[in-house]
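In: Predicted model and sequence follow; I will ask about them next.
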Amino acid sequence: MSIKTKITYLFIVSLLIMMALGLWSMKSAHEKNEQILLAGYKSAAKELFAPFMESNIKLFEKRAKKRGLRIVDPALLNDAQTIYRQKLLFGSLEIVQKDHKYYLLLQFMNKRAALYDPLQEAFIQERWTLVIFILLDIALLLLIYLFTLKLIAPIQEVAKKMERFAKEGAFEPIKAPKERELQSMAQSFNEMAITIKEQIAQRENLLKFIGHELKTPLAKAKFALEKGDSATLGEALSQIERLTKRTLELHLIDTQSLKREPLDIETLLVEALQRCAIEDERAIEIDTSRFEIEADKELLAIALKNLIENALKYATAYPIRIVAKPNFIQIINYGEPLVTKSFGLGLTLTHTILQKHGYTLQYEHKEGKNNFTISL
């Protein structure tokens, strides 16, 4: 997921939260104001109903004025919605709503009177003020979103060039942007790309590849000679022959077809472990499921062997763990975080083999453990 997409999602979530809070605030304010009006009307009705019932107009108007209520024509409220109703002897009091305004309606016998509290106009103004502030907040959030997109535009340009380099190997130096932080990132990318190209050139050094890959079979051959074990010696020499041939051909790996075959994962792990110089089998713990993959047995065994030896070499505690599941293979060891410089020729070779298979290799250090994960 790109940075732009993440920022867009964050903007949408923030917008929804802001709108939800705004609607909740408006609803809460409306309910509070409604309760104030209803309580005021009920209290006023207790004082006004007696003079209204007795047709004491002067006292009725005086008390209404004292309460800040305005007398209106009850005929205007014929189609109003009743919010509250209380039946009285020979009459009733009602609180009704029309056009978002509340009125007090008194009725005794065939007489009717209606009153209006102007205080609710202030409530209406308060509601509109709240709406304006919510809209201003949304506008401000939108401006921040657009400004942020403008800020990350240079980062996206850098990311595109990085992606092109990763996919096509086409190195195009990044021009330093105006922002100081991006200048540092561009410089780091340029240096990284140069370093990677140097590592690729280093990978093509056949003598180093041969020396790296033949260590274990040569050690086996030496041991077999000392013990006079002709069978083990023959096996080691055959392995040396195969590895020499494949190592010499490795510089053409990008143009060659892999010798893929169905492989049981346990068979592959056994093949990889046999290539390792393991002094104590208790140093390795294996957790695997039964499944098969389509892969080049020789090359993938080399890749796994390199990762296992690397884990054994840099482990600060044992055992190391090999976890093999249908979607991934993990090599885990306790140890200090590895720096890029420690990713020697063996890991470079491993990465090349996995890339040819269409697999990916990821490294992370978490909770005191180094994790190399092959995504199948």
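Out: Sure thing, it's come through. Numbering: from 1, shown residues only.
In: from memory Val158 sits against Pro173, does it?
Out: No - the pair formed by Val158 and Pro173 falls short of the contact definition of Cβ atoms under 8 Å, at 11.2 Å. C-beta here means a position set from N, CA and C on the backbone, and glycine is covered the same way.
In: in terms of contact, does Leu104 touch Tyr41 like I think?
Out: Yes - with the criterion set as Cβ under 8 Å, Leu104 and Tyr41 qualify as a contacting pair; they are 4.3 Å apart.
In: Show the subsequent helix or strand relative to the lowest-mean-pLDDT helix or strand in the chain.
Out: Taking mean pLDDT, DSSP states H and E as the measure, the helices and strands of the chain show their lowest mean at helix 206-213, namely a mean of 62. Tracing the chain past helix 206-213, the next element assigned as helix or strand by DSSP states H and E is helix 215-227.
In: which regions of this protein sit below the pLDDT cut-off?
Out: 1, 169-171, 176-177, 179, 181, 199, 201-213, 242-243, 245-257, 340-345 (pLDDT under 70).
In: What residue spans form the domains of it?
Out: For the chain, the domain assignment from automatic domain parsing gives the residue ranges 3-123, 263-375.
In: which non-adjacent residue is nearest Arg282?
Out: Counting by Cβ to Cβ, 6 or more residues apart in numbering, Arg282 lies nearest to Pro319, which is 6.3 Å off, once chain neighbours are set aside.
In: Assign that neighbour to helix, strand or coil.
Out: Look at Pro319: counting by DSSP: H, G, I helix; E, B strand; the rest coil, its state is strand.
In: ranking the domains of the chain by burial, who's on top?
Out: Mean neighbour count, computed with mean count of other Cβ atoms under 10 Å, is highest for domain 263-375 among the domains of the chain, reaching a mean of 17.
In: what's near enough to touch Phe291?
Out: When contacts are counted by Cβ atoms under 8 Å, 6 or more residues apart in numbering, Phe291 is found next to 264-265, 324-326.
In: same thing but at 6 Å, please
Out: Residues in contact with Phe291 (Cβ atoms under 6 Å, 6 or more residues apart in numbering) are 265, 326.
In: State the distance from it to Val158.
Out: Here Phe291 is placed at a distance of 40 Å from Val158 (Cβ to Cβ, to the nearest Å).
In: Same check on Leu115?
Out: When distances are taken as Cβ to Cβ, Leu115 and Val158 turn out to be 70 Å apart.
In: May I have the phi/psi pair for Phe108?
Out: Dihedral angles phi and psi of Phe108 (degrees, to the nearest 10) take the values phi -140, psi 120.
In: now Lys366
Out: The main-chain torsion angles of Lys366 are listed as degrees, to the nearest 10 and equal phi -140, psi 130.
In: can you check Gln86 too?
Out: Main-chain dihedrals, Gln86, degrees, to the nearest 10: phi -130, psi 120.
In: Looks like Tyr84 contacts Leu93 (just checking).
Out: No - between Tyr84 and Leu93 there is no contact, the gap being 8.3 Å when judged by Cβ atoms under 6 Å.
In: before we move on, the earlier item: turn the domains of the chain into TSV, columns for distance to Glu163.
Out: Putting the domains of the chain into TSV (distance: least, Cβ to Cβ, whole Å) gives the following:
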stretch	distance to Glu163
domain 3-123	13
domain 263-375	15
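In: which other helices and strands contact whichever strand or helix holds Thr267?
Out: When elements are assigned from DSSP H and E, Thr267 belongs to helix 265-274. Helix 265-274 sits against helix 297-314, with contacts defined as 3 or more Cβ pairs under 6 Å, 6 or more residues apart in numbering; DSSP states H and E.
In: Restrict the helix it packs on to CA atoms and write it as CSV.
Out: What follows is helix 297-314, C-alpha atoms only, in CSV (Å, rounded to 0.1, in the frame of the first residue of the first chain):
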residue,chain,number,x,y,z
LYS,A,297,16.8,-29.3,-5.8
GLU,A,298,20.5,-28.5,-6.1
LEU,A,299,20.2,-24.7,-6.1
LEU,A,300,17.5,-24.4,-3.4
ALA,A,301,19.4,-26.8,-1.1
ILE,A,302,22.4,-24.4,-1.5
ALA,A,303,20.2,-21.4,-0.7
LEU,A,304,18.9,-23.2,2.5
LYS,A,305,22.3,-24.4,3.5
ASN,A,306,23.7,-20.9,3.3
LEU,A,307,20.9,-19.6,5.6
ILE,A,308,21.4,-22.4,8.1
GLU,A,309,25.1,-22.0,8.3
ASN,A,310,24.6,-18.2,8.6
ALA,A,311,22.2,-18.8,11.5
LEU,A,312,24.6,-21.2,13.2
LYS,A,313,27.5,-18.8,12.8
TYR,A,314,25.9,-15.8,14.3
